[in-house]
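A.B. asks: missing the sequence, but the structure's below:
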């Protein structure tokens, strides 16, 4: 599921009580679409195929009147006013939107016959309803040998006998057998609340090395259709136990940071009723040159994207973790700081998403401790600890490619990833309300830090401090993120030094800020891996790509020169651009031959190998972890120079490109690459393999924005009965309505 956000919002999401009725097909005499009747939900229940990652999607086909396959261009329209219609690719593979703000919506899939001057088309209508099974909590966690963890899920149904079935698996798709055991699930049912089911997982007594296990949850909705979702658990021999749910709870007095929090008035109200709310992460502690201490987070977390008032109460936990109940209206939250200043987003002169709130007396631990940033304790949990500041005097480090970094956030807790792009220019969308119905501004940030890694972040992690895992020194302030089509998470952070400078400039009067912390120290990195190479190599090639690759391979054979270090060539797949054919060029480690980025227009993948491996056919088909080799400074600097010359022009000419930075080529680790973020809903017909002689690497995902209008549902004042019942009243997957005084 793609995420275009880092601030978590709970919004009205109508979770209908049953599947929608089938829709009808419209077709011309010459062209028709199959299947013609479709009824899906946001979990893709009822989908008829899976994509390359094993995720469900709906396959459409277009046929001519004589029964032959038609060459068509696909489009999709209609859909939810916020979530959109979903996506369909060039092969007719449709994926519904990840959420809805109504109890159903209609989507129109259209096939446009290629080469037909008459504009021949055929359409099919799909009725989309919200998914029956809500996301599990926690969505990720770490468990040591013999450790236990309780996983919970909700069904969008009240009463009845519906239940969630939990099972262990070795992959997110449900394949393979996962190690450990599950106890019998228990369910809590009520006539005016979602059904909640829980299960306890116990890890094996011995864990040889870190590995993932998945808890797969399935449930049967109306008409017997099954929904599924999963939680990923990181099993580790070090015995570390980490549950992100602890970051969402009310913290004790003198709290550590890295937890749920936000502005006490960050909600949308209709009249005197609260409809939805937003929150993020209280990330770190700053101190000014007068000794005053401040909680640091994003502008869009503390200052509501420029729409707050100085002095606003900042509460912990955030409203999303208190059923949208503000302090003063009901219990559950505690004021911990007062909004002091923010760097305005609307200004073209600003380049960070940051705000601070002066800490109230005896609320925040004065040493600046952050949840789970410390060493493993006797019970396996990770202690809170301050970030490291001893080597930089509290000014933070500069990020470098391949640096291992960690963040402690509200939603995914302590997770680690790698710096995948530097000098990143990226466009980010902002809204003036939680439900994202009122666009505020689209801001282009420059010189940002890109981070990638599985499970690195999710909505609600906005405002988390990003630190170097080797020293715990601050590197950046996390503010936006998402997941690409390979299932790999990508985050964006403001450089730590830029945040401090911008806040000092906003404060004026000679005020300066530093991070509060202690001696540098290592962080217990919870690393869920990075599936970029694995997923790209698992993707099949089209017949056209196979033909291109074979033609290039024929030309590439002239390059083979064992004396010069070029040992052999073969046909393979690119990782920089998944789905493209490539020529694999095997080279000796001792020689460093200069190789072209393209042969006959096809990318080259440069892989270190031995003569024996090439001769026996046992050489690798990709670079794997070798892609993390350090780049030569002159190679990196040239790529930065090219990026700075072309980035703005590239983003203006191709609106589908919403970010350009500098990273490392995964096809040839000795070369840099321009890392280009591409809107998955508007992928251009052609994507250049090089720009000004520098390789390109494409990351296809949703556009970045900093609020996400879907979240785990909670109890509601409305309800619907189970499929066995007769009541078909829709159920709002949102907090209960709260009347304001």
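C.D. replies: The structure has been received and is ready for your questions. What you are looking at is a predicted structure, and each value in this text was computed from that prediction instead of being measured.

A.B. asks: From here on, just use CA atoms for contacts and neighbour counts.
C.D. replies: Noted.

A.B. asks: Now for this structure, the helix or strand with the poorest mean pLDDT.
C.D. replies: Lowest on mean pLDDT, DSSP states H and E among the helices and strands of the chain sits strand 731-732, with a mean of 28.

A.B. asks: what about the longest strand that the chain contains, average pLDDT?
C.D. replies: Longest strand of the chain, by residue count under DSSP state E: strand 413-431. What strand 413-431 shows for mean pLDDT is 95.

A.B. asks: next structured bit after that strand?
C.D. replies: From strand 413-431 onward toward the C-terminus, using DSSP states H and E, the following helix or strand is strand 439-453.

A.B. asks: quick check: angle from that following strand to strand 413-431?
C.D. replies: 150 degrees (axes from the mean of the first three to the mean of the last three CA atoms, to 10 degrees).

A.B. asks: elements contacting strand 439-453?
C.D. replies: If you count contacts as 3 or more CA pairs under 8 Å, 6 or more residues apart in numbering; DSSP states H and E, strand 439-453 packs onto strand 413-431, strand 489-495.

A.B. asks: which other helices and strands contact the following helix or strand past the last one?
C.D. replies: When you say that, I think you mean strand 489-495. The helix or strand immediately downstream of strand 489-495 is helix 496-507, counting by DSSP H and E. Helices and strands touching helix 496-507, by 3+ CA pairs under 8 Å, 6+ apart, are strand 334-342, strand 474-483, strand 513-515.

A.B. asks: Out of these, indicate the one that is most buried.
C.D. replies: When the helices and strands packed on helix 496-507 are scored by mean count of other CA atoms under 10 Å, the highest mean neighbour count falls to strand 474-483 (a mean of 30).

A.B. asks: In the sheet, which strands lie alongside that one, parallel or antiparallel?
C.D. replies: Strand 474-483 pairs in its sheet with strand 465-468 (antiparallel), strand 489-495 (antiparallel), by DSSP bridges.

A.B. asks: Can you say which of the helices and strands packed on strand 439-453 is nearest to residue 64?
C.D. replies: With respect to residue 64, and counting by CA to CA, the nearest of these is strand 489-495 at 40.5 Å.

A.B. asks: Now do the closest one against helix 496-507, angle only.
C.D. replies: Going by the same axes, to 10 degrees, strand 489-495 makes 50 degrees with helix 496-507.

A.B. asks: can you start the count at 380 instead of 1 from here on
C.D. replies: Sure thing, new numbering starts at 380, so read that last one as strand 868-874.

A.B. asks: starting at the chain centroid, how far to strand 868-874?
C.D. replies: The chain centroid and the centroid of strand 868-874 are separated by 10 Å under CA atoms, centre = their mean, to the nearest Å.

A.B. asks: Secondary structure class of residue 580, three-state.
C.D. replies: Following DSSP: H, G, I helix; E, B strand; the rest coil, we place residue 580 in the strand state.

A.B. asks: the strands in the stretch 480-629 of the chain, which residues?
C.D. replies: 484-492, 500-508, 519-522, 527-534, 544-548, 560-561, 565-569, 572-581, 590-599, 605-614 (DSSP state E, counting those that start in this stretch).

A.B. asks: Which strands or helices does the fourth one pack on?
C.D. replies: Contacts defined by 3+ CA pairs under 8 Å, 6+ apart place strand 527-534 against strand 572-581.

A.B. asks: The strand it packs on pairs with which strands, and in what direction?
C.D. replies: Strand 572-581 pairs in its sheet with strand 527-534 (antiparallel), strand 560-561 (antiparallel), strand 565-569 (antiparallel), by DSSP bridges.

A.B. asks: can you put these in a markdown table and add mean neighbour count?
C.D. replies: Shown next, in a markdown table, are these (neighbours: other CA atoms under 10 Å):
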| stretch | mean neighbour count |
| --- | --- |
| strand 527-534 | 22 |
| strand 560-561 | 16 |
| strand 565-569 | 16 |
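
A.B. asks: tell me how far the ends of stretch 935-954 are from each other?
C.D. replies: Stretch 935-954 has an end-to-end distance of 19 Å (criterion: CA to CA, to the nearest Å).

A.B. asks: contacts for that stretch?
C.D. replies: Around stretch 935-954, the neighbours that count as contacts under CA atoms under 8 Å, 6 or more residues apart in numbering are 911-912, 915-916, 920, 928-929, 932, 958-972, 978, 982-984, 988-990, 993, 1000-1001, 1045-1046.

A.B. asks: Restricted to strands, list those.
C.D. replies: Among the contacts of stretch 935-954, the members falling in strands are 960, 961, 962, 963, 964, 965, 966, 978, 982, 983, 984 (criterion: DSSP E).

A.B. asks: Buried among the contacts of stretch 935-954? Need that as a selection in ChimeraX.
C.D. replies: Selection of the buried residues among the contacts of stretch 935-954 in ChimeraX, burial being defined by 16 or more other CA atoms under 10 Å:
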select :911,912,915,916,920,928,929,932,958,959,960,961,962,963,964,965,966,967,978,982,983,984,988,989,990,993,1000,1001,1045,1046
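
A.B. asks: of the strands paired with strand 853-862, which approaches residue 531 most closely?
C.D. replies: Comparing the strands paired with strand 853-862 by their distance to residue 531 (CA to CA), the top pick is strand 868-874, with 23.0 Å.

A.B. asks: From the chain's centroid, how far away is stretch 556-567?
C.D. replies: For stretch 556-567 - counting by CA atoms, centre = their mean - the centre lies 27 Å from the chain centre.

A.B. asks: how long is it from one end to the other?
C.D. replies: 28 Å.

A.B. asks: now swap in stretch 891-908 and tell me
C.D. replies: From its first residue to its last, stretch 891-908 covers 38 Å (CA to CA).

A.B. asks: circling back to that earlier point, now render the helices and strands packed on helix 875-886 as JSON lines, adding distance to residue 701 and mean pLDDT.
C.D. replies: Shown next, in JSON lines, are these (distance: least, CA to CA, whole Å; pLDDT from 0 to 100):
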{"stretch": "strand 713-721", "distance to residue 701": "11", "mean pLDDT": "98"}
{"stretch": "strand 853-862", "distance to residue 701": "22", "mean pLDDT": "94"}
{"stretch": "strand 892-894", "distance to residue 701": "29", "mean pLDDT": "98"}
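
A.B. asks: Now for residue 499: which residues touch it?
C.D. replies: 407, 409, 410, 491, 492.

A.B. asks: Now rank those residues by neighbours and give me the top one.
C.D. replies: Counting neighbours by other CA atoms under 10 Å, residue 410 leads those with 24 neighbours.

A.B. asks: wait, isn't it in contact with residue 445?
C.D. replies: No - the criterion here is CA atoms under 8 Å, and residue 410 misses it with residue 445 at 9.2 Å.
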